[in-house]
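Engineer: Kindly generate the corresponding structure for this input.
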Amino acid sequence: MSSDMLGAAATSGNDGPSGREGRATARAQRAVLARALRNASYEILPFKKTEESVLAHVPKDVALTVTTTEARGLDRTLELTERLCGHGYAAAPHLAARLVRDQAHLADIVARMREAGVESVFVIGGDAPEAAGEFPDALSLLERLHAIHHPFRSVGIGGYPEGHGTISDELIERALQAKAPHATTIMTQLCFDADTIVAWARRVHADGVALPVRVGIPGVVSRQKLVRIAAGLGLGPSARFLAKQQNMLWRFFLPGGYSPRRLVDGLAPHLGADGHGLAGFHVFTFNELEKTEAWRRDRIARLS
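Structural biologist: Next up, the predicted model:
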């Protein structure tokens, strides 16, 4: 049920206790969803015009993470993170373990980020087929960060509600359990199905990983871009569905492109509830910052 319609059933002539309770529940859920959208973080790609777009469209109270890819290298991510922090944003770099050569390189990265005022990092294994040095995966980098007494207030790690394209589910689960003691939050990879996300979060919580989970959702992007990126990342059954069943795309897209509203509304009743740690949203903007920010502001206004 859409959050704009929450409480509609409770106003159909029932003014008794159950009707009042229903309206109170609906108001509470709207407030929780509005707060989650206000506190949403944005993931951005370190392209040539990204800084300009951020300055034009993103408020400074929106936390940012800057991706890292093998093709563009780690320096591009670190440089953009430094510049954004200089503009007053809370920006966090993706530290791709496979691109870090050794402890000296890691210490230099930490020093640069500390000097720039960076308080958060997001640690991933990275997409390089071969490690550049001592860190083949996120866990090894997290352990070394811990050993050198890093200064970061927040350390994010990845979660995979639909698994990983090249790593078994069992290995992914064991890795998450091993990484959790070195982290403060989980940010999930894209998944387009609320029930799948909630079920995964419950399994993770039952396995003893009690970190807060920020659910990765797409921003407002064109259908072509979303299908292309989702298929290329190998994000699991829902992404494969989007890539292969394009005759059914009308179920997921508005005329102008994808809107995260259906997914967000499906997750809304679970935010802040016990047993799974779902705590907020991490928006994969694909640098569609103007459209995504306009959508976020509009949803918050409608929930108020």
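Engineer: Only C-alpha atoms from now on, for both contacts and neighbour counts.
Structural biologist: Will do.
Engineer: Residue 141 and residue 282, how far apart?
Structural biologist: Applying CA to CA, to the nearest Å, the value for residue 141 to residue 282 is 23 Å.
Engineer: How about residue 42?
Structural biologist: 6 Å.
Engineer: Now for those two: what residues contact both?
Structural biologist: Common neighbours of residue 42 and residue 282, using CA atoms under 8 Å, 6 or more residues apart in numbering, do not exist here.
Engineer: chain center to the host helix or strand of residue 174: distance?
Structural biologist: In the assignment (DSSP states H and E), residue 174 maps to helix 169-179. Relative to its chain's centre, helix 169-179 lies at 19 Å (CA atoms, centre = their mean, to the nearest Å).
Engineer: Show me the helices in the stretch 1-150 of the chain, by range?
Structural biologist: 17-38, 50-57, 73-86, 103-116, 138-147 (DSSP state H, counting those that start in this stretch).
Engineer: Can you check what pLDDT the model gives residue 207?
Structural biologist: Per-residue confidence at residue 207 stands at 93 (pLDDT).
Engineer: mind listing what it touches?
Structural biologist: residue 177.
Engineer: For residue 66, see how far away it is.
Structural biologist: Applying CA to CA, the value for residue 207 to residue 66 is 30 Å.
Engineer: do residue 115 as well
Structural biologist: Distance, residue 115 to residue 66, using CA to CA: 17 Å.
Engineer: More neighbours: which of these two?
Structural biologist: With neighbours defined as other CA atoms under 10 Å, residue 115 and residue 66 compare such that residue 66 has more, 23 against 10.
Engineer: does that one really touch residue 96, like I thought?
Structural biologist: No: with contact defined as CA atoms under 8 Å, residue 66 does not count as touching residue 96 (11.2 Å).
Engineer: Quick check: phi and psi at the closest residue to residue 219 other than its chain neighbours.
Structural biologist: Spatial nearest neighbour of residue 219, chain neighbours left out: residue 285 (4.7 Å); criterion: CA to CA, 6 or more residues apart in numbering. Backbone torsions for residue 285, taken as degrees, to the nearest 10, come to phi -80, psi -20.
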